[in-house]
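# Pasting the sequence and the predicted model now:
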Amino acid sequence: MRLKLSLLAVMLMMSSVFGSFTMAQGANELTILYWQAASILTPYLSSGTKDIDASAIILEPLANIGAEGEFVPVLAADIPTVENGGVSEDLMSITWTLRDDVLWSDGTPFTADDVIFTWQYCTDPEGGCTYVNNFDDVTNVEAVGDNQVLITFGVPKPYPYLPFVGQVTPIVQKAQFENCVGIEMAACTDENFAPIGTGPFMVEEFRANDVVTYVRNPNFRFADEGKPFFDRVIFKGGGDAESAARAVLETGEADYAWNLQISPDVLANMEAAGNGQVVIAYGQSVERILINFTDPSPDNPNRSIWMEDGSNAHPFLSNKTIRQAMSMAINRNTIAENFYGAAGKASCNLISGPPYNSSTNNDICLTWGTEEAIAEANAMLDEAGIVDTDGDGIREYEGIPLVVLYQTSTNAVRQDTQALVKQAWAQIGIETELRNIDAGVFFGGDPASPDTFQKFYADVEMFTSGASSPDMEGQLIGYQCGLAPTPDNGWLGQNNPRWCNEEFDAMFVELTQTGDLEARAELVKALNDLIVQDYSQLPLVFRAAASSAHANSLGGINITGWDSEMWNIEDWYRIE
């Protein structure tokens, strides 16, 4: 029920934990806290989530991406597909039909010219557009008919939904930005700080690195339905995640708090106050252990280098039985529940989201890590002749003790996970040496450093990776044979496990030639199964892409891990 609060509630003024800024919580005002303040109101000049979300309240794309990875038409009338003729059979073009009832906040009509201009604006080589890669292989954007836009690609695009889909590539108004192209792009301060948009709100005041105040857009296409349901939005930045959470969950000073990267126990205690609730969104981020299929021994001149003839294979992790036993010993439920709380759930898949991409063929791993599973793993190793011959508690494979170096970045949750896995592997006769590396070094990519995750000078390593798009081709492409990091490519290859499977490579080629979305999802699941069932990577936890909180008096929230958390702010309303 969408009602206004009492006059008392409207008059109630509270002092913000983010400084001297005063926020009023009333039925017609919405207060949002981001502990990273917005510095600009366009995603085209920033990759920061806080800037993308602050601009999403004003600017809109042709379509958004919902919580389940589904496309939601916004400025487009529908979603073009191969089946409905919107995507060409040869996958070389996509045609978007635009809504005919959209006005910019200044009252002028939204047209195909604005879409065409946005492409030109972002792809100008002198402009420095942050998300120019979303327009890769686009050769032309043109108007066709009265209200359609045809995007043509230079190569077949089985997934043609990167341009203008999601809040990183919204449409900007040609009339406002036509003098802001190329070298002038960053210099247009007035335009970048107060863009004219088609969204539910427009900028009233912007104080960079502090606060944005928005007011209702009187020309919003759903205004006759009462949308948006707030007259004003206060988008306040600064402070930290814990104080933001407290302002919503404990003191009731704010309506929404973003990105609550704090202890699950602390967050749960705040939520217990009863003023608000934590909301979680999942995208495609999986914490997993990667197995090194090459020999990382310090005395090996070809340390961690993949060789096509298999001559540099790992001395014992090349054995699938050992890899499977290692996976069976790990209790993923314990890791997820104790170390991630509401922000993670046990996973058996490298590709865990969106739901239509998630295989159910590996769910047995959710029963592993128990006494029964460990006993089964030990029996399996015994049967394979991988036993402890000298009584020191460590099994040997062809005379080589099963001793692994397990590396990851320095992070309390990761070190807790390492300790649990080490204990589990000890129960199956594998000794584990733990190593943690400063995250700036581990993920830094310095080709001179021996400690990067790409060089992988260890037997196993652990980290999270995900995808920015619900289409998984971009994530799976790196697991093809020959794409490992090597000295020849500056250690920048994507296939960190140095895993090679010809069946995978052939199926991946099929994926690149398939435009039907359902068929693509089935191929993604099959590719995932090849990786997981060969135990080249051991998925542990499906991590939340977003963990935020909102007041119990706020309704209409539909958080997604694939797009801006502000994507449907026109549907947010006050509950009395």
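Everything's here; your move.
# Would you mind confirming that Ala484 makes contact with Trp306?
Yes - Ala484 lies in contact with Trp306 (C-beta atoms under 8 Å); the separation is 4.1 Å. C-beta here means a position set from N, CA and C on the backbone, and glycine is covered the same way.
# Need the residues touching each of those two.
Counting by C-beta atoms under 8 Å, 6 or more residues apart in numbering, the shared contacts of Ala484 and Trp306 are Thr294, Asn495, Arg498.
# mind listing the strands for the stretch 1-150 of the chain?
Along the stretch 1-150 of the chain, counting by DSSP state E, counting those that start in this stretch, strands occupy 13-15, 22-24, 29-34, 63-65, 71-73, 93-97, 138-144, 148-153.
# Now render those strands as TSV, adding mean pLDDT, distance to Met566 and mean neighbour count.
Listed next are those as TSV, based on pLDDT from 0 to 100; distance: least, C-beta to C-beta, whole Å; neighbours: other C-beta atoms under 10 Å:
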stretch	mean pLDDT	distance to Met566	mean neighbour count
strand 13-15	32	22	13
strand 22-24	36	18	16
strand 29-34	97	8	26
strand 63-65	97	10	23
strand 71-73	98	14	18
strand 93-97	98	22	21
strand 138-144	98	26	15
strand 148-153	98	24	20
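# wait, which of those strands is closest to Gln324?
Nearest of the strands of the stretch 1-150 of the chain to Gln324, taken as C-beta to C-beta: strand 63-65 at 35.6 Å.
# In terms of secondary structure, what does the closest one contact?
The criterion is 3 or more C-beta pairs under 8 Å, 6 or more residues apart in numbering; DSSP states H and E, and the helices and strands that strand 63-65 contacts are strand 71-73.
# Who are the packing partners of the strand it packs on?
Going by 3+ C-beta pairs under 8 Å, 6+ apart, strand 71-73 lies up against strand 63-65.
# Other residues contacting the strand it packs on?
Residues from elsewhere that reach strand 63-65 (C-beta under 8 Å, 6+ apart): 71-76, 79, 161, 164-167, 470, 560, 562-564, 567-568.
# Which entries within the residues you listed meet the buried criterion?
In those, burial by neighbour count holds for 71-76, 79, 161, 164-167, 470, 560, 562-564, 567-568, counting by 16 or more other C-beta atoms under 10 Å.
# pretty sure Glu287 contacts Phe463?
Yes - using C-beta under 8 Å, Glu287 is in contact with Phe463, at 7.3 Å.
# Please say which of these two ends up with more neighbours.
The neighbour comparison of Glu287 against Phe463 (other C-beta atoms under 10 Å) goes to Glu287, with 24 against 19.
# The more buried one belongs to a strand?
Yes - the assignment for Glu287, made by DSSP: H, G, I helix; E, B strand; the rest coil, places it in a strand.
# on that earlier part again, mark which of the buried ones among the contacts of strand 63-65 are part of helices, please.
When the buried ones among the contacts of strand 63-65 are checked against helices (DSSP state H), there are no matches.
# Mind putting the shared contacts of Ala484 and Trp306 into CSV with secondary structure?
Shown next, in CSV, are the shared contacts of Ala484 and Trp306 (three-state DSSP):
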residue, secondary structure
Thr294, strand
Asn495, coil
Arg498, coil
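# nearest to Val215, of those residues?
For those, the nearest to Val215 is Asn495 (50.5 Å; C-beta to C-beta).
# What is the neighbour count of the closest one?
21.
# now Asp309
Neighbours of Asp309 under the rule other C-beta under 10 Å: 6.
# same thing with the one 5 residues further on?
Neighbours of His314 under the rule other C-beta under 10 Å: 20.
# Need the outlier residue of this protein, farthest from its centre.
Using C-alpha atoms, centre = their mean, the residue of the chain lying farthest from its centre is Asp390. It sits 47.4 Å away.
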